[in-house]
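Asker: sequence and predicted structure, then a few things I'm wondering about:
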Amino acid sequence: MVPMARSPASELEALAVAGLHRQLRQWERCGTGLQARLGDRMVVNFSSNDYLGLASHPSITAAFSEAVNRWGAGSGASRLVCGTMAPHTALEEDLAQFKGTESALSFSSGYTAAVGTLSALLQPGDIVILDKLCHASLIDGARLSGAEIRVFPHNDLDQLEKRLAWASGKVSAAGRILVVTESVFSMDGDRAPLADIIRAKHKYGALLLVDEAHAFGILGPGGRGLAAELGLADHVDLQLGTLSKAAGLSGGFVAASRDLCDLLVNRSRAFIYSTAPAPALAEAARTSLSLLAGAEGDQLRSRLWHHLDSLCNALGRTPESAIFPVILGSNERALAAAAGLLEKGFLVPAIRYPTVPRGSARLRVTLSAAHEASDVSALAAALASRAD
Ligand SMILES: *Cc1c(COP(=O)(O)O)cnc(C)c1O
């Protein structure tokens, strides 16, 4: 008899029993803000990464549609074949200038930027040392590379140094040691101690990759990120970013030296074997970038920080980023809390394993400059009076 493989239905059932089953929800964006229609009701969306409201900014949507007319809807080929058009080159020049690096390379998403960068830079014999809370894309890239993987407890410098000391004794002369962290952590909203991490990476001759996905557009002068805020960008070998969050579009990028970017053009399979992003997206991203770097970017950031201060003041916390987690522990508790908030008209997601470690299920609130102050104070009151 042919053995029966497990059925998809049995896997889904196991997920449901564990409180880990997920479903797609369709919602409609209403107006330019974060009012959302979910089924037949209106809710205020506190789950979007559109931190500055740029996804519906008129200059950006106009740049997008004008560029579609000028450059067509799709790019037609991968970047190395004939998919590189003027907007791609110009965006990469703008990104490098914005970040103050020699060069930059864009990808179709932040996920592919992370996977494509780590898997291309590292090979068997190399060692990659990641913060325990690094995003799935960084872990996947590390795994795909074949390098030896070590993880250090979240933001624990002593443990990072121990792994660096071990790695520097083990790696061959030509081998690479790469330290990987985020600047703002996606599920906790806290920041990495970058100055100390940089000191450690210099001491052991390692490279450093910092994923600034949630800091790009939000922190630092002109929204250049946490490394720029600390004046340390020159010490980060690879700065990763996404155009999908504060920039309001989609796409990812890495800003680094010319040699590192050239190496990625030659080695990164996620870059090489994928059709170039639509040129209109690149054009819209240039508009977004100039807006972020200018006076309007400053105004939007100050409005966002005002909202963050008011939410955090109401709940006795200090804001570090636009992400505000409320850690509840069990999946059931997080799901019940999210359902209770939805009942009151607030869309706040429950985040569960494997996105966060088991036993640390949580509500993850994200604020945006596009929220109204009254939405934020109403949410603060609802969070303060939760019954769970
Ligand atoms: C969102 C995110 C990504 C992925 O970016 P996308 O553009 O959404 O694919 C990568 N790294 C981190 C830390 C993120 O939060």
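Answerer: That came through fine.

Asker: does the residue lying closest to E161 once chain neighbours are set aside lie in a helix or a strand, and which?
Answerer: Residue nearest to E161 in three dimensions, not counting chain neighbours: A200, with 5.3 Å by Cβ to Cβ, 6 or more residues apart in numbering. Every residue, glycine included, has its C-beta placed from N, CA and C. Element membership of A200 [criterion: DSSP states H and E] is helix 194-203.

Asker: what does that helix rub up against?
Answerer: Applying Cβ atoms under 8 Å, 6 or more residues apart in numbering, the contact partners of helix 194-203 are 157, 160-161, 164, 179, 181, 183, 206-208, 210, 226-227, 230, 232, 235-236.

Asker: can you give the strand pairings for whichever helix or strand comes after that helix, parallel or anti for each?
Answerer: Following helix 194-203 in sequence order, the next helix or strand is strand 207-211 (DSSP H and E). Looking at strand 207-211 with DSSP bridges, its partner strands are strand 177-182 (parallel), strand 238-242 (parallel).

Asker: the longest one vs the ligand: in contact?
Answerer: Yes. In terms of Cβ under 6 Å from any ligand atom, part of strand 177-182 sits within range of the ligand, namely E182.

Asker: now that strand: average pLDDT?
Answerer: Strand 177-182 shows an average pLDDT of 98 in the prediction.

Asker: ok, now the shortest one?
Answerer: Across strand 238-242, the average pLDDT comes to 98.

Asker: what count of nearby residues applies to whatever residue of the stretch 1-150 of the chain ends up closest to the ligand?
Answerer: The stretch 1-150 of the chain approaches the ligand most closely through G110 (2.2 Å), counting by Cβ to the nearest ligand atom. Applying other Cβ atoms under 10 Å, we find 25 residues neighbouring G110.

Asker: isn't it right next to A247, touching?
Answerer: No. The criterion here is Cβ atoms under 8 Å, and G110 misses it with A247 at 10.4 Å.

Asker: from L194, how far out is R37?
Answerer: 40 Å (Cβ to Cβ, to the nearest Å).

Asker: residues touching A338, list them.
Answerer: 348-350, 363.

Asker: which residues are in contact with stretch 316-332?
Answerer: 18-20, 51, 184-191, 214-215, 218-219, 304-305, 308-309, 311-312, 334, 337, 350-353, 359-368, 383, 388.

Asker: make it 7 Å
Answerer: With contact meaning Cβ atoms under 7 Å, 6 or more residues apart in numbering, stretch 316-332 is reached by 19-20, 51, 184, 187-191, 214, 218, 304, 308-309, 311-312, 334, 337, 352, 359-367, 383, 388.

Asker: if any of these are buried, give me the ChimeraX selection for them.
Answerer: Applying 16 or more other Cβ atoms under 10 Å to those leaves a buried subset, and the ChimeraX line that selects it is:
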select :19,51,184,187,188,189,191,214,218,304,308,311,312,334,337,352,360,361,362,363,364,365,366,367,383
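
Asker: so of the contacts of stretch 316-332, which ones are in strands?
Answerer: Secondary structure defined by DSSP state E assigns 361-366 of those to strands.

Asker: wait, L138 sits on A213?
Answerer: No. Contact between L138 and A213 fails when scored by Cβ atoms under 7 Å: they sit 9.9 Å apart.

Asker: in terms of neighbours, single out the busier of the two.
Answerer: Between L138 and A213, A213 has the larger neighbour count (other Cβ under 10 Å), namely 29 against 24.

Asker: sorry, back to before: hmm, which of the contacts of helix 194-203 are the buried ones?
Answerer: Neighbour counting by 16+ other Cβ under 10 Å classes 160-161, 164, 179, 181, 183, 206-208, 210, 226-227, 230, 232, 235-236 among these as buried.

Asker: wait, does stretch 222-234 contact the ligand?
Answerer: No. Applying Cβ under 6 Å from any ligand atom, one finds stretch 222-234 separated from the ligand by no less than 12.0 Å.

Asker: numbering from 53 from now on, please.
Answerer: All set: I'll call the first residue 53, so the last point we hit is now stretch 274-286.

Asker: tell me how far the ends of that stretch are from each other?
Answerer: Its first and final residues considered, stretch 274-286 spans 17 Å by Cα to Cα, to the nearest Å.

Asker: so what touches that stretch?
Answerer: 150-152, 235-236, 243, 246-247, 250, 262, 264, 267-269, 271-273, 288, 291, 298, 344-345, 349, 353.

Asker: now, of those residues, which are buried?
Answerer: 150-151, 235-236, 243, 246, 250, 262, 264, 267-269, 271-272, 288, 291, 298, 344-345, 349, 353.

Asker: now do stretch 261-277: distance to the chain's middle.
Answerer: With Cα atoms, centre = their mean, to the nearest Å as the basis, stretch 261-277 stands 10 Å off its chain's centre.

Asker: no no, stretch 415-423
Answerer: 15 Å.

Asker: and D242, how far is that from D427?
Answerer: Applying Cβ to Cβ to D242 and D427 gives a distance of 24 Å.

Asker: what residues does the stretch 303-440 of the chain put near the ligand?
Answerer: Residues of the stretch 303-440 of the chain lying near the ligand (Cβ under 6 Å from any ligand atom): G304.

Asker: and the angle from the helix or strand hosting V306 to strand 290-294?
Answerer: Using DSSP H and E, V306 sits in strand 304-308. Relative orientation of strand 304-308 and strand 290-294, computed by axes from the mean of the first three to the mean of the last three Cα atoms, to 10 degrees: 160 degrees.

Asker: can you check the pLDDT for R77?
Answerer: Confidence score, pLDDT, at R77: 80.

Asker: having no further points to raise, I will conclude here.
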